[in-house]
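Colleague: Below are the sequence and a predicted model; questions follow.
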Amino acid sequence: MSLQSASRPARKAGARMRFLAILAFLALIASACGGGEVATDDDEPDTSTDTEAPADDEPEPADEEPADEPADEEPADEPDEEPAETVELTASFRGVTEDTITIGVTMLDFDDLQEKNLSPQGWGDQQLVMQTYIDDINANGGINGRMIEPIYEFYTPLGTTVAAEVCTRLTKDEEIFAIVGGFLGPAETENVCITDTNNTVLVNGVQTAERLEQSKAPWIQPGSLNNRRLEAFVDILDGDGRLQGRNVAIIGSVEREDVFEEAIEVVEAKGIEPVLSAINDVPQGDIVAENARWQVLAENLRAANADAVLVIGSGQAAARGIFENGLDIETWFLERTALDNPGENTTAEMIDGIITSTGLTNDEIYEEAGTQQCREIFFAANPGIVEDKLPSEYVEGEEQWFNPIMSYCRWLQLFTQVATAAGPDLTPETFLAAAESFGDITLPGLPFASLGPGKYDADDSFRLSVFDMTIGETGDLTPLTDILDGTS
């Protein structure tokens, strides 16, 4: 079954009600396995009294039935329905047995990125973080009584070769039920290897409308589809007075050509005719070629007299190109990921002042109530392994444990909530039906989130933020506007 591109469903009952419904479902199974008692006639309250009979001059009611004992009726305490039966778990699908759900977990290979000077640090022990959360879920009953069994794979995001091998190994050789994590960066095109070629459930990855259309298996992500983010971003830019009266240019990337074309239409719909629209056709990761291409793009921006540029994809290449070619231009990034990890090739100074579409800042996410619960789980299980501090308190070169603590908890919670709602007969079909039934959903670090028919990207939280290199040791994003609900 092909998944359709995102639409905006009406919101259903709140996520708290959904959570309570799941708890009720689990309680039903638990009660079916236990020994509850059914009331008998002996349990009926005694309605007789020890008072004396009424005096003779007080007439007694003639031949009336006692009000609380109607004739020929069943006792009030008899149940109307049969007790619930125990639900038998079966091997309902590939990777799902009576006792376990096997998932693949894909993680970035920071050793490779650091060797290529593309990241000054890693994310700590990523596998330990994810395993801690899985252990916590299993210790609390798993998913409808099944334990999660993970198989870990690391991949380099540079190119698609390693990602394709990992996809095949997990889906074909290991026969997992779902992959949590997916592929990011230039490797993200291999996400369809999971959902299309190998018909396997995916949580996270990078969705596009085209990739969703190709997918046979359910694909949900806690982030937001770039097409939805684009509309919200341009709306907020316009509402903040940054769009009208500007000479706006739009620079896309070879990985985001579909969103680039849509960006032109969205900006034009605001009454702005772009002074330049061009594609950076160099794939991400080829820094020398990217820099050469941006020398040309920088001259094109000058010639067009652009004073604002909307960048769709390949953000780090754009940041380097704008900085190294001395452009004085307000820069808007559709995707914040290029601003999350400044390093040797793309420094904090290069991305200083760039405006992007975000939800909460990293510090806000880390202190949000749902993420605090994630932190408590991790640090209780791993005391003393790393200091529990805000993202802005990390120094350059220090392993950024906060990233997997925030992200992996959210990804796994999304999978767990949907798989639990799918019920004991866990298959891709029941998983998809569960995802489409949610409406509002609660996830760590997301003030507004929802799933529904045709909407498989959860995040609805949007605001403008700007990168400030003076925050902490490595810089961070700081808000320019309030958080808005993108579905309202």
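Modeller: Perfect, I can see it now.
Colleague: Which parts of the stretch 51-200 of the chain are strands?
Modeller: Ranges of strands within the stretch 51-200 of the chain are 100-108, 147-155, 178-181, based on DSSP state E, counting those that start in this stretch.
Colleague: Now those strands in TSV, please, with extra columns for distance to G315.
Modeller: In short, each C-beta sits where N, CA and C put it, glycine included. As requested, the strands of the stretch 51-200 of the chain are exported to TSV (distance: least, C-beta to C-beta, whole Å):
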stretch	distance to G315
strand 100-108	17
strand 147-155	21
strand 178-181	21
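Colleague: now the ones you listed as CSV including distance to F378 and mean pLDDT?
Modeller: What follows is those, written out as CSV (distance: least, C-beta to C-beta, whole Å; pLDDT from 0 to 100):
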stretch, distance to F378, mean pLDDT
strand 100-108, 16, 98
strand 147-155, 16, 98
strand 178-181, 17, 98
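Colleague: Deepest-packed of those, please.
Modeller: Highest mean neighbour count among the strands of the stretch 51-200 of the chain (mean count of other C-beta atoms under 10 Å): strand 178-181, with a mean of 28.
Colleague: E299 - nearest residue in space that isn't next to it in sequence?
Modeller: Spatially, and ignoring its direct neighbours in sequence, E299 is nearest to N325 (7.9 Å; C-beta to C-beta, 6 or more residues apart in numbering).
Colleague: likewise M350?
Modeller: F323 (4.2 Å).
Colleague: same thing with A318?
Modeller: V311 (4.5 Å).
Colleague: show me where the stretch 251-400 of the chain has helices.
Modeller: Secondary structure of the stretch 251-400 of the chain, counting by DSSP state H, counting those that start in this stretch: helices at 257-269, 287-303, 315-324, 348-351, 362-367, 369-381.
Colleague: right, and those - which one's nearest A278?
Modeller: Comparison of the helices of the stretch 251-400 of the chain against A278 by C-beta to C-beta identifies helix 287-303 as nearest, at 6.1 Å.
Colleague: circling back: contacting residues for the residue nearest to E299?
Modeller: If a contact means C-beta atoms under 8 Å, 6 or more residues apart in numbering, then N325 has 294-295, 298-299 as its contacts.
Colleague: that older thread, what residues does the residue nearest to A318 make contact with?
Modeller: V311 touches 251, 318, 331-334, counting by C-beta under 8 Å, 6+ apart.
Colleague: ok, so what distance separates it from I351?
Modeller: As for V311, its distance to I351 is 11 Å (criterion: C-beta to C-beta, to the nearest Å).
Colleague: follow-up on the earlier one: mind checking which of the strands of the stretch 51-200 of the chain is nearest P283?
Modeller: Of all these, strand 147-155 comes closest under C-beta to C-beta, at 16.6 Å.
Colleague: so that closest one versus strand 100-108, what angle?
Modeller: 20 degrees (axes from the mean of the first three to the mean of the last three C-alpha atoms, to 10 degrees).
Colleague: how much distance is there from strand 147-155 to the middle of the chain?
Modeller: Distance, stretch centre to chain centre, for strand 147-155: 18 Å (C-alpha atoms, centre = their mean, to the nearest Å).
Colleague: try stretch 307-324
Modeller: 26 Å.
Colleague: mean confidence score for that stretch?
Modeller: Across stretch 307-324, pLDDT averages out at 95.
Colleague: ditto for stretch 438-456
Modeller: On average, stretch 438-456 scores 97.
Colleague: From start to finish, how long is it in a straight line?
Modeller: 11 Å (C-alpha to C-alpha, to the nearest Å).
Colleague: What's the per-residue pLDDT of T371 here?
Modeller: 98.
Colleague: my bad, should have said E255
Modeller: pLDDT, E255: 85.
Colleague: Next one: the closest residue to it other than its chain neighbours from I250, what distance?
Modeller: With sequence-adjacent residues excluded and distances taken as C-beta to C-beta, 6+ apart, E255 is closest to G313, at 5.1 Å. Distance from G313 to I250, counting by C-beta to C-beta: 11 Å.
Colleague: How about I385?
Modeller: For I385 relative to I250 (C-beta to C-beta), the value is 45 Å.
Colleague: Equivalent analysis for Q221, please.
Modeller: Taken as C-beta to C-beta, the span from Q221 to I250 is 25 Å.
Colleague: more neighbours, the two?
Modeller: Ranked by neighbour count (other C-beta atoms under 10 Å), Q221 and I250 place I250 first, with 25 against 21.
Colleague: Where does pLDDT dip in this protein?
Modeller: In the predicted model of the chain, residues 1-86 satisfy pLDDT under 70.
Colleague: Walk me through the domains of it.
Modeller: 88-221+362-458, 227-359+467-485 (automatic domain parsing).
Colleague: how long is the longest one end to end?
Modeller: Read it as domain 88-221+362-458. One end of domain 88-221+362-458 sits 31 Å from the other (C-alpha to C-alpha).
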